[in-house]
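# Predicted model and sequence follow; I will ask about them next.
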Amino acid sequence: MLAITTAILSLRLIAGALVLGDAPDGFLSVENKEDGYAFFYPQNYKEIPPAPADTVLLAHYFRTAPVAVPKASVKRGAPPAETIAELFVMSIDKPVVATTGQGGDSTEPSPDGGSGESPAVSKSAPKDEAEAVAERFRAASFEDFVKKRMSKWGIVSHRDKGDGPTKWTEYSLQDPASGPPVWRGYARLYDRGNHWLGLMGIATASEFETHRRLFEKSANSLREIAVSEAAIKEMEQYYSRRPEYKDPKFRIERRRDLTRGWKSIDTRNYLILHHSKDDHLLSRLQNDLEAMRVLYEQLFPPAKPVDAVSVVRVCKDRQEYLQYGGAAMSAGYWNSAMRELVLYDNVKGEQGSRLGNQDSYIVLYHEAFHQFIHYSVGELPPHSWFNEGYGDYFSGSKIYANSTKVQEIGTNPWRVPYIKMAVDKGRWIGIAKLIHADQREFYSDGGLYYSEAWSFIYFLNRGLTSQSNPKWAQILPRYFDSLKASYAEELKSLGESPSLAQKSAAGEKARNKALGVAFDDVDVEELQDAWLKFVKRLK
């Protein structure tokens with residue numbers, strides 16, 4: 001979240017309101033003392049956390065269509081309610097330009113009042129995913145914000161209002177930029193000297209006039225407040241007494257970004273951010289994450305000690321998960337750029353779930369493997385057959401209550417029926433094609449690719465016998481060991497501070513080399529025949 005600079009920490013007057021006071025009817029009050037802003041928002045809007053790498057958005061709210069959905073349709077997997085309006089609070093830093101005076105070079109905010117044209121700045125290539133994502137989020141003005149984030153949207157008009165400490169600009173937007181609008185928008189940006197503090201509301205064209213009045217009331221109340229360091233000092237003291245929790249600075253940054261209703265739980269290797277009241281689920285998460293971590297480390301020793309804190313975000317329900325960024329056909333995901341694993345509290349029967357919260361654990365063990373292997377290899381994802389196949393393999397883990405050890409790894413209940421059907425009907429993918437497939441191909445037919453990758457990994461781990469070809473038992477360890485060593489070697493050849501593009505090219509070389517090492521002298525047709533026979537025996 002945006003770090004408010006010391007020059008703007010003092011309490012200021014915006015729109016003539018020094019004290020926020022009680023929220024009017026139909027609104028709720030927010031005073032965020034960590035980021036230094038306060039305002040009212042409509043009470044029937046739901047809050048969703050901005051992305052961790054977002055340096056512009058301070059808050060994000062949405063409103064869904066107030067339509068009652070019959071319980072029966074929910075059990076059949078009805079889609080989430082349609083979003084009809086969204087509200088954003090933002091702080092956009094003004095571009096800093098170099099100036100030369102008697103005292104030498106200095107920097108100062110651009111006097112440009114939001115024209116959208118930022119001065120030419122020499123930018124180095126991003127060094128990692130986090131830097132690349134941060135650059136995509138960054139904006140030099142409100143116009144820049146719209147251009148970067150709101151595809152096909154356009155600003156139809158704007159006008160300056162007020163003067164001095166109450167100077168602000170009002171914008172009208174619509175989607176698409178020309179022609180009959182599908183969505184319309186209203187924004188107000190206050191000029192705060194070295195940055196703009198603003199609020200933007202968008203709504204479907206048919207609902208816009210109703211919501212515009214709400215947006216204006218929220219904008220009228222928006223103001224800066226003094227940032228409080230008390231909460232930060234309390235967290236610093238908390239972690240100073242608990243040295244077992246690695247990287248307290250990172251933990252504090254993520255906890256500062258928590259929105260209303262969200263809480264955090266620390267474990268040795270994880271920070272769990274959650275919007276759930278399911279105590280049983282949260283207890284299982286704490287136990288199972290650390291139990292699985294022990295197994296991951298035993299089977300896949302990291303190239304170097306993993307010091308990164310692994311963040312697990314648990315959304316309240318599927319609707320919140322989708323609003324936060326989850327794909328419609330997914331139940332969880334690992335985002336390496338944001339450094340977090342995201343899933344949701346899957347209440348039994350919701351959205352067509354067959355297994356209720358058991359689905360949450362299946363997703364957890366799968367995505368937690370992606371999270372660990374990313375760091376274990378050296379921040380490089382393996383080939384999809386290995387990465388997704390092993391993710392699904394660990395989804396079959398059984399961890400008994402209050403146990404810190406994985407007792408057994410069974411079959412994945414999502415994949416067994418699908419792969420058996422595919423093999424019976426001759427729809428399976430050849431192993432040679434599977435091991436070369438990229439993530440885009442996996443997504444093109446997720447049910448088939450994921451099921452086959454799982455069954456192939458399960459076969460290599462659990463289906464080999466003393467009569468099996470001894471080379472087959474070496475495929476997985478040879479792939480992993482080669483990938484680690486090859487990537488480290490490629491990175492070393494790049495020297496200090498390689499760019500993200502150079503790392504990506506090095507990773508591709510390492511993956512290809514590891515694949516060659518793993519399947520060297522392996523008769524893939526013979527291996528495939530044995531795998532097919534194994535799948536037919538699965539139960």
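Good, I have the coordinates.
# Quick check: beta-bridge partners of the residue nearest to Lys167 when sequence neighbours are not counted?
Excluding its sequence neighbours, the residue lying closest to Lys167 (CB to CB, 6 or more residues apart in numbering) is Asp191, at 4.6 Å. Backbone N, C-alpha and C define where each C-beta goes, glycine included. With DSSP bridges as the criterion, Asp191 is bridged to Trp196.
# Asp191 contacts Lys161, correct?
No: between Asp191 and Lys161 there is no contact under CB atoms under 8 Å: 10.6 Å.
# Name the residues contacting each of those two.
167-169 (CB atoms under 8 Å, 6 or more residues apart in numbering).
# Let me have these in CSV, extended by neighbour count, distance to Val517 and secondary structure.
What follows is the shared contacts of Asp191 and Lys161, written out as CSV (neighbours: other CB atoms under 10 Å; distance: CB to CB, whole Å; DSSP: H, G, I helix; E, B strand; the rest coil):
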residue, neighbour count, distance to Val517, secondary structure
Lys167, 14, 64, coil
Trp168, 21, 62, strand
Thr169, 19, 60, strand
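# Now that we have the residues you listed, can you turn them into a markdown table and tack on pLDDT and distance to Leu222?
Formatted as a markdown table, these follow (pLDDT from 0 to 100; distance: CB to CB, whole Å):
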| residue | pLDDT | distance to Leu222 |
| --- | --- | --- |
| Lys167 | 82 | 14 |
| Trp168 | 89 | 9 |
| Thr169 | 93 | 13 |
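# Kindly give the local confidence score, pLDDT, for the spatially most central residue of the chain.
With distances taken as CA atoms, centre = their mean, the residue of the chain nearest its centroid is Asn335 (4.8 Å). Asn335 is assigned 92 on the pLDDT scale.
# Let me see the ranges of the helices in the stretch 301-450 of the chain.
With helices called from DSSP state H, counting those that start in this stretch, the stretch 301-450 of the chain shows them at 318-324, 357-377, 384-394, 416-424, 431-436, 439-444, 446-458.
# so where's the chain shaky on pLDDT?
1-20, 67-80, 97-123, 164-165, 347-357, 466 (pLDDT under 70).
# So what touches stretch 443-452?
So stretch 443-452 is in contact with 329, 384, 388, 392, 414-415, 418-419, 422, 427-429, 434, 437, 441-442, going by CB under 8 Å, 6+ apart.
# returning to that earlier point: who's more crowded, Asp191 and Lys161?
Asp191 (21 against 10; other CB atoms under 10 Å).
# would you list the helices of the stretch 301-450 of the chain in CSV and tack on mean neighbour count and distance to Arg293?
Formatted as CSV, the helices of the stretch 301-450 of the chain follow (neighbours: other CB atoms under 10 Å; distance: least, CB to CB, whole Å):
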stretch, mean neighbour count, distance to Arg293
helix 318-324, 21, 23
helix 357-377, 23, 7
helix 384-394, 24, 11
helix 416-424, 17, 26
helix 431-436, 17, 27
helix 439-444, 13, 24
helix 446-458, 24, 19
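# Val227: which of those helices is closest?
The closest of the helices of the stretch 301-450 of the chain to Val227 is helix 318-324. By CB to CB, the value is 25.6 Å.
# same for the closest one, what does it pack against?
Here helix 318-324 touches strand 310-315, strand 340-344, going by 3 or more CB pairs under 8 Å, 6 or more residues apart in numbering; DSSP states H and E.
# With mean neighbour count and distance to Arg138 as added columns, please give those in TSV.
Output for the helices and strands packed on helix 318-324, formatted as TSV (neighbours: other CB under 10 Å; distance: least, CB to CB, whole Å):
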stretch	mean neighbour count	distance to Arg138
strand 310-315	23	22
strand 340-344	25	20
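# Now distance to Leu532 too, for the ones you listed, in CSV please.
As requested, the helices and strands packed on helix 318-324 are exported to CSV (distance: least, CB to CB, whole Å):
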stretch, distance to Leu532
strand 310-315, 37
strand 340-344, 33
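# and of the ones you listed, who's closest to Asn32?
Judging the helices and strands packed on helix 318-324 by CB to CB, what sits closest to Asn32 is strand 310-315, at 19.2 Å.
# who are the neighbours of the closest one, in terms of helices and strands?
strand 270-274, helix 279-299, helix 318-324, strand 340-344, helix 357-377.
# List the contacts of Pro49.
Contacts for Pro49 were tallied using CB under 8 Å, 6+ apart; they are 60, 257-259, 262, 313, 324.
# mind redoing it with 10 Å?
By CB atoms under 10 Å, 6 or more residues apart in numbering, the residues touching Pro49 are 1, 57, 59-60, 257-260, 262, 273, 275, 313, 315, 320, 323-325.
# Next, work out how far apart Asp22 and Leu214 are.
Look at Asp22 and Leu214: by CB to CB, to the nearest Å, they are 17 Å apart.
# Equivalent analysis for Ala59, please.
15 Å.
# do Ser221 as well
To Leu214, Ser221 is 11 Å away according to CB to CB.
# Now do the shared contacts for those two.
Common neighbours of Ser221 and Leu214 (CB under 10 Å, 6+ apart) are 27, 40-41.
# Now do the contacts for the spatially closest residue to Gln528 that is not a sequence neighbour.
Counting by CB to CB, 6+ apart, Gln528 lies nearest to Ile431, which is 4.6 Å off, once chain neighbours are set aside. Applying CB under 10 Å, 6+ apart to Ile431 gives the contacts 385, 452, 456, 519, 522, 524-525, 527-529, 531-532.
# Show me which of those residues are buried.
385, 452, 456, 519, 522, 527-528, 531 (16 or more other CB atoms under 10 Å).
# how about those residues in TSV, adding distance to Gly179?
Output for the buried ones among the contacts of Ile431, formatted as TSV (distance: CB to CB, whole Å):
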residue	distance to Gly179
Trp385	45
Glu452	45
Phe456	50
Phe519	54
Val522	58
Leu527	56
Gln528	53
Trp531	54
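# can you tell me which two in the residues you listed are farthest apart?
Across the buried ones among the contacts of Ile431, the longest distance by CB to CB is 17.3 Å; it joins Glu452 and Val522.
# Wait, Ala401 touches Asn287, no?
Yes: if you go by CB atoms under 10 Å, Ala401 and Asn287 touch, sitting 7.9 Å apart.
# who's more crowded, these two?
More neighbours surround Asn287 than the other of Ala401 and Asn287, with 17 against 8 (other CB under 10 Å).
# tally of neighbours for Lys304?
The number of residues packed near Lys304 is 10, by other CB under 10 Å.
# Show the contacting residues for it.
Neighbouring residues of Lys304 by CB under 10 Å, 6+ apart: 375-376, 378, 484, 488.
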